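Asker: What would the 3D arrangement of this be:
(one chain, ligands or ions: 1)
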Amino acid sequence: MRHALHRLPGFEPRHAAACRACATITPSRSIHLEAALVTRRLLILLVLAAGLAAVCALTWTLAWKSGIDSLRRDAAVRGDRTTAALKSTLERYESLPYIVGEHPLVQDVLANPKREWVLAANRYLEDVNRHARATTTYIIGADGECIAASNWRDPDSFVGVQYRFRPYFIDAAKGGVGRFFAIGTISHDPGYYLSQPVRREGKIVGVVVVKLNLEWFPGTDPTEPLLVTDDHGVIFLSSVPAWKYRTVRPLPADILASIDETQQYARQTIAPLPAHVERVLEGDADIVRIGRGLRAPRYLETRRALGEPDWHLVTMSPVGPVVDAARSVTVMTGFGYVSLCLLGFYWRQRRARVNEMMKSRAMLQKAYAMLNERVAERTADLSQANEQLQREVHERARAEAELRAAQDELIQASKLAALGQMAAGITHELNQPLAALRSFSDNTRVFLERGQYEAAHENLEAIGSLTERMGKIVNQLKLFVGRARPRSLRSPVAGALRNALALLGKRLAGVSVTLTLTDRTDAADAASVAFDPHRGHAELVAQCDDLRLEQVLINLIGNALDAVADVPSPRIAIDIEVQAATLAIGVRDNGPGIPDDVMPRLFEPFFTTKEMGQGMGLGLAISSSIARDCGGSLAAQNEPGGGARFVLTLRRAQVSAARVPAADV
Ligand code: ADP
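Answerer: Next comes the predicted model:
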């Protein structure tokens, strides 16, 4: 289907390149255009997909980094808090063994472990331990055997136990400070051991040990594990109980052996955690996955040294929330990007549509302008033609006016001619009654002289009718010769016929004249009846001036009389046919008919076949002109049975009841 724009006058073939609807015009060109379009779209899609990947990657990286930074800050705060708490606890107890060692009772019992002194030392240690809120406080002799202990009353008392192998005894016996975390060999409870040598007269005579329970320390929140590792990396404090006595990294065999030797963690198996370092971050931090499989939890591991003792505090922060947050932000950004792309695509489409609309509008405007130009050109032509037509109409109106004037003149001339023609007849017509009048009046005088009054009376009546007839002849003549009076457009047909017949009365003598009326207003009943012009028929009124109608009838009947002049039994038939809107008056004779060469020229003015003085050739021309003036027509034809028939057709005038004359029509 072709684009609607192609049908516009302003559309040019070059516009088809930008129009997809033109694909049907040239198939090869269409395939080329389609391929280029598909490639372009694929390229755009690829670029957009690459953009989406880049935006998502960047968002993920930034969100991840920000999340990890936040985790690190939280871990640092936690680490600071925990370190401070642990250090303050350890420092509080740091000097307690020394103070206990300085007590004379302790020094005495180490020098001489008498029974009553041991008892006194036990009570003293019990008292100190209770007040210091330590776990156990005890004194070890120079040979490594415990002499007195705060738990001397308990069944698992330390008194008499050998501690020569314990590092904290070895360190203190050497004159240093012993710091050691281990599981107790007797109590099997883990604890932190602080030891100081006891000097008497400059010589080390024993060791005082304070054991502290640190199990409270890491807290109990397993979601954010907090660990403390010893100098070998063994976890001895952990908020996740299962990780206790495990290592973050696998330990070398010699270290494992030394741990075993000192019974530091009793019979606990020291095994590494199933930890896998995924990424090493700057500043003693890693991302580790603890456990196997992808669903194993991942943590941000941060480490810090606690100093003396040589421990490390390890914080584990779950990375899951950071991953979730980064994923959410990335997905949202991705959606945002896709939404922006769709928005851009929509905007582009819209702009293309607007551009196309603008182009179409411009094209339409151009076409409209062209159309206007063409209309203007045509209008100019039409205006010229109109002016020409108006000039012609004016010319024709003028010619018609001239013709009408000429016709009027001709009518007048024809009347005068007819008057001349009639003059002889009229003279004869009047001479005859005048002679009769003369003889009637002579006879009447004789009858009166003789006293024959009845005969005289009859003669006088005859004289009266003769004068009446003469008056009528004169009146007709006066009417005929006079100029057209103001036209009445209603002419009773019966009256006009009557006058015409009366005027031609003398010539009609010896001619058979029949008058018939056929009423075709009612199709069912169209029989012809005899027509008597002296009686009624007030409904037969033609739209024509009455004198003119009379004149036409006189012409037609006069011509018929001329035609039958030499015929043995002359006949004239006048038939009136009435329709709803028209009436036709036919005048038929049984004359020789109209010769073929005469027929075309019948209505020409001054055309006549009659002898000089007999006719002027104006009768039919005037009659036809009158018929046209009245909105009717006059036609002639030869009858099959011989003779000519002239038909005058006129419009019927509406007859109002008030206008119908009663009798005299
Ligand atoms: P005019 O009677 O003066 O000749 P018309 O115009 O009345 O002029 O008639 C023109 C001609 O038409 C006549 O000369 C005659 O030849 C012919 N014509 C008219 N009426 C008849 C008729 N009834 N029969 C035969 N010819 C006729």
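
Asker: When you work out contacts or count neighbours from here on, use the C-alpha atoms and nothing else.
Answerer: Noted.

Asker: can you tell me which residues contact the residue sitting furthest away from the middle of the chain?
Answerer: Distance from the C-alpha centroid of the chain, by C-alpha atoms, centre = their mean, peaks at R450 (122.0 Å). Contacts for R450 were tallied using C-alpha atoms under 8 Å, 6 or more residues apart in numbering; there are none.

Asker: let's see it at 10 Å
Answerer: 444, 456 (C-alpha atoms under 10 Å, 6 or more residues apart in numbering).

Asker: Next: S569.
Answerer: Taking C-alpha under 10 Å, 6+ apart as the test, what S569 contacts is 510-512, 590-591.

Asker: same thing with K244?
Answerer: 227-229, 234-238, 268, 270-271, 273.

Asker: swap in L437?
Answerer: Going by C-alpha under 10 Å, 6+ apart, L437 touches 431, 443, 459-460, 462-464, 466-467.

Asker: nearest to the ligand, of the residues you listed?
Answerer: N431 (25.7 Å; C-alpha to the nearest ligand atom).

Asker: SS state for that closest one?
Answerer: Under DSSP: H, G, I helix; E, B strand; the rest coil, the three-state class of N431 is helix.

Asker: Can you report how many residues neighbour it?
Answerer: N431: 13 surrounding residues under other C-alpha atoms under 10 Å.

Asker: go on, the one 4 residues further on?
Answerer: If you count neighbours by other C-alpha under 10 Å, A435 ends up with 11.

Asker: name the element the closest residue in space to I585 that isn't next to it in sequence belongs to?
Answerer: Among residues not flanking I585 along the chain, I576 sits closest, at 4.6 Å (C-alpha to C-alpha, 6 or more residues apart in numbering). Element membership for I576 (DSSP states H and E) is strand 571-578.

Asker: Then W347?
Answerer: helix 320-450.

Asker: re the thing from before, ok, now how distant is the residue farthest from the centre of the chain from I463?
Answerer: 19 Å (C-alpha to C-alpha, to the nearest Å).

Asker: Check for me that K610 belongs to a helix.
Answerer: No: K610 is assigned coil when assessed by three-state DSSP, not a helix.

Asker: That one and L618 touch, don't they?
Answerer: No: assessed by C-alpha atoms under 10 Å, K610 is found out of contact with L618, at 11.6 Å.

Asker: In terms of neighbours, single out the busier of those two.
Answerer: L618 (24 against 11).

Asker: how about that one, phi and psi?
Answerer: The phi/psi pair for L618 (degrees, to the nearest 10) reads phi -110, psi -20.

Asker: so it touches R601, yeah?
Answerer: No: counting by C-alpha under 10 Å, L618 stays clear of R601, with 11.7 Å between them.

Asker: Need the residues touching each of those two.
Answerer: 607-608.

Asker: sorry, back to before: in strands only, show me the contacts of S569.
Answerer: S512 (DSSP state E).

Asker: Would you show me how to pick out the buried ones of the contacts of L437 in PyMOL?
Answerer: Only the buried entries of these go into this PyMOL selection, using 16 or more other C-alpha atoms under 10 Å:
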select buried, resi 443+459+460+462+463+466+467
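
Asker: What is the least confident helix or strand in the chain?
Answerer: Every helix and strand in the chain was compared by mean pLDDT, DSSP states H and E; the lowest is helix 453-481, with a mean of 75.

Asker: Quick one, grab the pLDDT at M1.
Answerer: pLDDT recorded at M1 is 45.

Asker: Three-state assignment for T518, please.
Answerer: strand.

Asker: dump the residue contacts of it.
Answerer: Taking C-alpha under 10 Å, 6+ apart as the test, what T518 contacts is 525-531, 575-579, 583-584.

Asker: Show the buried residues in those residues.
Answerer: 531, 575-579, 583-584.

Asker: Tell me the secondary structure at L489.
Answerer: Criterion first, three-state DSSP; result for L489: coil.

Asker: okay, which residue is most central for the chain?
Answerer: Geometric middle of the chain (C-alpha atoms, centre = their mean) lands on R353, at 12.6 Å.

Asker: for the protein, what are the low-confidence residue spans?
Answerer: For the chain, the stretches with pLDDT under 70 are 1-28, 216-222, 308, 414-429, 472-488, 523-525, 612-615, 656-665.

Asker: let's go with 50 and repeat that
Answerer: Along the chain, segments meeting pLDDT under 50 span 1-2, 5, 18, 23, 479-480, 482-486, 658-665.

Asker: For it, which residues are neighbours of the ligand?
Answerer: Residues of the chain that fall close to the ligand, judged by C-alpha under 6 Å from any ligand atom: 559-560, 563, 591, 593-594, 602, 607-610, 615-621, 644.

Asker: Can you list which of those residues are found in strands?
Answerer: A644.

Asker: Filter the residues of the chain next to the ligand down to the buried ones, ChimeraX style.
Answerer: Only the buried entries of the residues of the chain next to the ligand go into this ChimeraX selection, using 16+ other C-alpha under 10 Å:
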select :559,560,563,591,593,594,602,607,608,615,616,617,618,619,620,621,644
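
Asker: Roughly how far does R353 sit from A275?
Answerer: Taken as C-alpha to C-alpha, the span from R353 to A275 is 61 Å.

Asker: Please disregard the earlier target; I meant P197.
Answerer: P197 is 41 Å from A275, by C-alpha to C-alpha.

Asker: quick one: which of these two has more around it?
Answerer: For the pair P197 and A275, the greater number of neighbours falls to P197 (30 against 19), based on other C-alpha under 10 Å.

Asker: Name all residues that make contact with that one.
Answerer: 97-98, 101-102, 139-142, 169-178, 203-209.

Asker: change it to 6 Å
Answerer: Shown in contact with P197 (C-alpha atoms under 6 Å, 6 or more residues apart in numbering): 172-173, 175, 206-207.

Asker: How about it: what's its closest non-neighbour residue?
Answerer: Per C-alpha to C-alpha, 6+ apart, closest to P197 is V207, 4.4 Å.

Asker: if I look at that neighbour, how far off is R289?
Answerer: Counting by C-alpha to C-alpha, the gap from V207 to R289 is 44 Å.

Asker: Which of the two has more residues huddled nearby?
Answerer: A direct count of neighbours by other C-alpha under 10 Å for V207 and R289 places V207 higher, at 35 against 23.

Asker: And G191, its phi and psi?
Answerer: phi -170, psi 170.

Asker: Just grab the bridge partners of it for me.
Answerer: A182 (DSSP bridges).

Asker: Count the neighbours of it for me.
Answerer: 21.

Asker: Can you name the residues that contact it?
Answerer: G191 neighbours (C-alpha under 6 Å, 6+ apart): 181-182, 212-213.

Asker: ditto for A148
Answerer: 122, 138-139, 159.

Asker: would you turn these into CSV with secondary structure and neighbour count?
Answerer: Putting the contacts of A148 into CSV (DSSP: H, G, I helix; E, B strand; the rest coil; neighbours: other C-alpha atoms under 10 Å) gives the following:
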residue, secondary structure, neighbour count
N122, helix, 25
Y138, strand, 27
I139, strand, 33
V159, coil, 21
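
Asker: contacting residues for T608?
Answerer: T608 sits in contact with G617, where contact means C-alpha under 6 Å, 6+ apart.

Asker: and what of the one 10 residues further on?
Answerer: L618 sits next to 605-606 when contact means C-alpha under 6 Å, 6+ apart.

Asker: returning to that earlier point: out of the contacts of T518, who's nearest the ligand?
Answerer: Using C-alpha to the nearest ligand atom, these come closest to the ligand at D575, 14.7 Å.

Asker: Quickly note the distance from the nearest residue to that closest one once chain neighbours are set aside to E468.
Answerer: Distance criterion C-alpha to C-alpha, 6+ apart; nearest residue to D575, sequence neighbours excluded, is T516 at 4.7 Å. According to C-alpha to C-alpha, T516 and E468 sit 28 Å apart.
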